[in-house]
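>>> I'll drop the sequence and a predicted model, then ask my questions.
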Amino acid sequence: MKKFSLNWLMKMTIFKTLLKKQFAEMMSFLFPVKKNTQKRSSSHLALYIFLIIYVVAVFGGMFFVYAKSLCEPFCNAGLSWLYFSVMGITALAISLIGTVFMTYMIIYKAGDNDILLSMPIPPKFILLVRILGVYLISLFMTAMVMLPSIFVWIFFGNAGVLSLVLSFLTVFLIPLLSVTLSCLLALVIAVLMAKTTHKTLISVLFSLFFFVIYFIAGSKISQAITYIATNGEAVGNKVKIFAYPFYCLGVGITENVLYYPVFMAVCVLAFVLVYFILSKTFLRLSTIRKGEKKKAIGQTSGLKSSGVKAALLKKEAKRFFTSSAYILNAGFGSIFLLIFPILAIVYRNKLNEIINMFSFDITPVIGVAICFLASTVIISASSVSIEGKTLWIIRTLPIPTSDILKAKFLFHMILAGAPTLISVIAVSITFGVGFANAVILTVLCLSYVALSALIGLIINLHFPNLDWKSEMVAVKQGASVILSMITAMVAVLIPFIIFLFVGSLIPNLVFLLIVTAMYMVFSVVLYWYLINCGKQIFEHI
Amino acid sequence: MLRITDLTKKYGDKIAVDNLSLHINPGEIYGFIGHNGAGKTTTIKACCGILDFDCGEILINGKSIKTSPLECKSEIAYLPDNPDLYDYMTGIKYLNFISDIFSVGVKERRELIEKYSVIFGIDKEIGQLISSYSHGMKQKLAIISALIHKPKLLIMDEPFVGLDPKAAHQLKEIMRSICDDGGAIFFSTHVLDVAEKLCDKVAIIKSGRLIKSGTMEEVRGDDSLEEVFLELVDENDNI
């Protein structure tokens, strides 16, 4: 029997086809086509282009200022090389932030992996094309940092033709390093996921870990920039020791071109090595069966019965806690609410100073802060969308629609309300607001949680998205999530802005009571709407 | 048991179901056959209360699906053609959830889960996440979830797709026993052999219209169901 083998031409054709497909996928993600039309409307396209230009302008401007703050002192101190080293490390960090979470999903959890792997396509081609997708995203982020820095170099540095050529080449090399690191992490995650049944926990822990790092880095960034700008020599020594390739990058561009190939070699070789490792494990890790448990039939002995409402609530909880996308995108605010009292205790004196500076009373500020954090919990805003293709199950069961909606509302209340309660009590005690104020704050914040839960659920009823392949689409994208977040935040901001103008005219207690009453009234109205009109909408989705 | 009267459903200008009338009595297995896009799934979904309809009436044991949906749904079980189940639950948790909704007692649900999971051969996988199931296993789990609350009317959309021969045979036996106990089955299928052997009555639908219905003998006559079906469908094309 003849062995099927691909000749060089076939391989090139396959690779080009895969590239076209990948590009089309990225375009459809960035510029989605409306369901019933085949064309993207020109207004949507214009809006997206405007948004991209806006993002580029804002971040480009930001990095331009950052680059300028480093270029001048380094050039004056005779450390021009350090400028490119630091900008290179910054670009690497930024592009890592942009790609580290998505690389695992893009490479190992792509929806068409099974179909492509069943075709005569070498798995390493599929892998390479997916990595190329990550590379393009990384390139965009690197360019946002490096291009402004190159412009700064042109205007304020000692830019020669060779240094410009090498600095532009750097824009294409740094993403290779970023992709290498992201792919390594993706491999670690894939291996862990293959061995564990607690996949959601692993995802959430990884995300939490990176979030903590980003938070710490973010809180120290301005100090770091000042330190770097004023301690060039010390920073330079550290770069030489701990980030030698970036030392070679800087020296190669500014002083001695023979150093540059070292940096280039590190970028390319590291990428090639990681690609080689991934290509050896890609087939196994991307086709591993998920969620296996070894349980015998004896499990029926553990069965318990619940009422309908409890069963619905348990279903909502199960849905939420088994989805890392849902937890991280919609429920992270609950963690902020629990962290807030700890931060309030640690930074109590600083916070008091700031508040005294503006002559505010602490009580309303606590209310605003906690309500604002609660507005970041958007569980209900995707609780209808997340049903997706399984909506038929609850639609065909003898469950009153109002019970279904109440369960979704209640789940949001529990997951946002409990941390809110803890947060209010802890912060009230920390700042000694007094019993009466603490009680009002508690009622105010919990009323707000109810309001935001209802806002999210009602908006999702009006803008459901049931046609998703990835949960990310249901919980992160779409009008419902964005509108719910904005509306919930506006519901906090409006009273706050009013307070800024009239807060000095009426006692704080009275103002808080009025806001609490407003939240309660709106909640009652929206609850009525949910149970009556929302019910009709749900039954016709 | 199930009475469909002058059912009409439109999607914009397209008439998916046009004045359809059917009557299914207790004890009957009623087959519903037609080409792709004929309106079978639309009819079935309307009977289950998932899809609204423009005209007509659907009564389940004398109760209207429009005005008394909960009462109707408590007596039926629906099995879709491609059951998307809760991937994040284990098989047993899913069955437990369905049992909770129908208030099936703990002892009873335990017995039925054990019984049906052995019958359909998924007793070893019942504790695993549904996300790890094959299509056939999901189909079997969906069937068990439909049977666990002992429905009076079982409405199924192409139930034999994805089932292995043994499971298909078991399902046919269960269908027969439900009808022998006074229940009824209404199912759509493309497999005319199965319809011929299993069904007491059959309805043939084309482009949303009922073109023939009755007992198997009345519809088929001396020919096979396949011959009759093809002839009727071609005849309607020529009209």
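Received it, and whenever you're ready, just let me know what you need.

>>> mind listing what the residue nearest the centre of chain A touches?
Taking C-alpha atoms, centre = their mean, the centroid of chain A lies closest to residue A:329, which sits 6.9 Å from it. By C-beta atoms under 8 Å, 6 or more residues apart in numbering or on different chains, the residues touching residue A:329 are A:378, A:472, A:475, A:476, A:481. Where C-beta positions appear, they are placed from N, C-alpha and C, glycine not excepted.

>>> mind checking pLDDT for it?
Reported pLDDT at residue A:329 in the predicted model: 87.

>>> again, but for residue A:2
Reported pLDDT for residue A:2: 51.

>>> swap in residue A:312?
97.

>>> helices and strands around whichever strand or helix holds it, which ones?
Per DSSP states H and E, residue A:312 falls inside helix A:308-321. Applying 3 or more C-beta pairs under 8 Å, 6 or more residues apart in numbering or on different chains; DSSP states H and E, one finds that helix A:308-321 makes contact with helix A:324-330, helix A:401-431, helix B:91-101.

>>> any buried residues in it, and which?
Within helix A:308-321, the residues scored as buried using 16 or more other C-beta atoms under 10 Å in any protein chain shown are A:308, A:309, A:311, A:312, A:313, A:314, A:315, A:316, A:318, A:319, A:320, A:321.

>>> looking at those residues, which is nearest residue B:66?
residue A:308 (22.0 Å; C-beta to C-beta).

>>> can you pull the contacts of the closest one?
A:399, A:403, B:100, B:101, B:103.

>>> pretty sure the second one contacts residue A:311?
If I follow you right, that is residue A:403. No - taking contacts as C-beta atoms under 8 Å, residue A:403 lies outside contact range of residue A:311: 9.8 Å.

>>> now name the helix or strand holding the nearest residue to residue A:249 once chain neighbours are set aside.
On the basis of C-beta to C-beta, 6 or more residues apart in numbering or on different chains, the spatially nearest residue to residue A:249 that is not a chain neighbour turns out to be residue A:263, at 4.2 Å. Under the criterion of DSSP H and E, residue A:263 resides in helix A:260-286.

>>> gap between that helix and the chain center?
Put simply, helix A:260-286 sits 26 Å off its chain's centre (C-alpha atoms, centre = their mean, to the nearest Å).

>>> quick check: mean pLDDT of that helix?
Averaging pLDDT along helix A:260-286 gives 91.

>>> which other helices and strands contact that helix?
Against helix A:260-286 (3+ C-beta pairs under 8 Å, 6+ apart) you get helix A:102-108, helix A:113-117, helix A:123-156, helix A:161-195, helix A:244-254.

>>> pull out the buried residues from it.
Using 16+ other C-beta under 10 Å as the test for burial, helix A:260-286 gives A:260, A:262-264, A:266-267, A:270-271, A:274-275, A:278-279, A:282-283, A:285-286.

>>> got it, and stretch A:182-191?
A:182, A:183, A:184, A:185, A:186, A:187, A:189, A:190.

>>> and chain B, which of those residues contact it?
Near chain B, judged by C-beta under 8 Å from any C-beta of the partner chain, there are no entries from the buried residues of stretch A:182-191.

>>> distance to residue B:191 and pLDDT added to the residues you listed, as TSV?
Shown next, in TSV, are those (distance: C-beta to C-beta, whole Å; pLDDT from 0 to 100):
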residue	distance to residue B:191	pLDDT
A:182	49	92
A:183	48	93
A:184	51	92
A:185	49	88
A:186	45	87
A:187	46	89
A:189	44	84
A:190	41	85
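
>>> which single one of these is nearest to chain B?
residue A:190 (16.6 Å; C-beta to the nearest C-beta).

>>> the closest one reaches residue A:109, doesn't it?
No - in this structure, residue A:190 is not within contact of residue A:109 by C-beta under 8 Å, at 9.1 Å.

>>> tell me the most buried of the helices and strands packed on helix A:260-286?
helix A:244-254 (a mean of 25; mean count of other C-beta atoms under 10 Å in any protein chain shown).

>>> quick check: residue B:214 touching residue B:201?
Yes - Residue B:214 lies in contact with residue B:201 (C-beta under 8 Å); the separation is 6.4 Å.

>>> who has more neighbours, the two?
residue B:201 (21 against 12; other C-beta atoms under 10 Å in any protein chain shown).

>>> just give the nearest non-adjacent residue to that one, would you?
Closest to residue B:201 by C-beta to C-beta, 6+ apart is residue B:30, at 4.9 Å.

>>> you'd agree that neighbour is in a strand?
Yes - under DSSP: H, G, I helix; E, B strand; the rest coil, residue B:30 falls within a strand.

>>> can you tell me which residues contact it?
Contacts for residue B:30 (C-beta under 8 Å, 6+ apart) come out as B:2, B:22, B:24, B:184, B:185, B:186, B:187, B:199, B:200, B:201, B:202, B:203.

>>> so which residue is dead centre in chain B?
residue B:156 (1.4 Å).

>>> over to it. Which of the three states is it?
Applying three-state DSSP: residue B:156 is strand.

>>> now render the contacts of residue A:329 as CSV, adding neighbour count, secondary structure and pLDDT.
Shown next, in CSV, are the contacts of residue A:329 (neighbours: other C-beta atoms under 10 Å in any protein chain shown; DSSP: H, G, I helix; E, B strand; the rest coil; pLDDT from 0 to 100):
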residue, neighbour count, secondary structure, pLDDT
A:378, 29, coil, 94
A:472, 17, helix, 81
A:475, 28, helix, 88
A:476, 17, helix, 82
A:481, 23, helix, 90
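
>>> just flag the most distant two among these.
A:378 and A:472 (13.9 Å).

>>> from residue B:31, how far out is the residue nearest to the centre of chain B?
Distance, residue B:156 to residue B:31, using C-beta to C-beta, to the nearest Å: 10 Å.

>>> which residues of the stretch 351-500 of chain A lie near chain B?
A:388, A:389, A:390, A:392, A:393, A:395, A:396, A:397, A:398, A:399, A:400.

>>> ok, the fifth one - how many residues close by?
Neighbouring residues of residue A:393 were enumerated by other C-beta under 10 Å; the total is 23.

>>> any idea which element it lies in?
Judged by DSSP H and E, residue A:393 forms part of helix A:391-396.

>>> any idea how far that helix is from the middle of the chain?
For helix A:391-396 - counting by C-alpha atoms, centre = their mean - the centre lies 31 Å from the chain centre.

>>> show me the contacts for residue A:509.
So residue A:509 contacts A:363, A:436, A:437, A:440 (C-beta under 8 Å, 6+ apart).

>>> so residue A:431 sits against residue A:344, correct?
Yes - using C-beta under 8 Å, residue A:431 is in contact with residue A:344, at 7.3 Å.

>>> now stretch A:124-139: average pLDDT?
Rounded mean pLDDT across stretch A:124-139 is 90.

>>> same deal with stretch B:43-52?
92.

>>> can you check stretch A:52-71 too?
88.

>>> only alpha carbons, please: show that stretch as CSV.
Presented in CSV, the C-alpha positions along stretch A:52-71 are these (Å, rounded to 0.1, in the frame of the first residue of the first chain):
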residue,chain,number,x,y,z
ILE,A,52,-8.5,51.1,16.9
ILE,A,53,-7.2,54.5,16.0
TYR,A,54,-8.4,55.8,19.4
VAL,A,55,-6.7,53.0,21.3
VAL,A,56,-3.5,53.4,19.3
ALA,A,57,-3.5,57.2,19.9
VAL,A,58,-4.1,56.9,23.6
PHE,A,59,-1.6,54.2,24.3
GLY,A,60,0.9,55.5,21.7
GLY,A,61,0.7,58.9,23.4
MET,A,62,1.2,57.3,26.8
PHE,A,63,4.3,55.4,25.7
PHE,A,64,5.6,58.4,23.9
VAL,A,65,5.6,60.3,27.1
TYR,A,66,7.1,57.4,29.0
ALA,A,67,9.8,57.0,26.4
LYS,A,68,10.7,60.7,26.5
SER,A,69,11.0,60.6,30.2
LEU,A,70,13.7,58.0,29.9
CYS,A,71,15.4,59.0,26.7
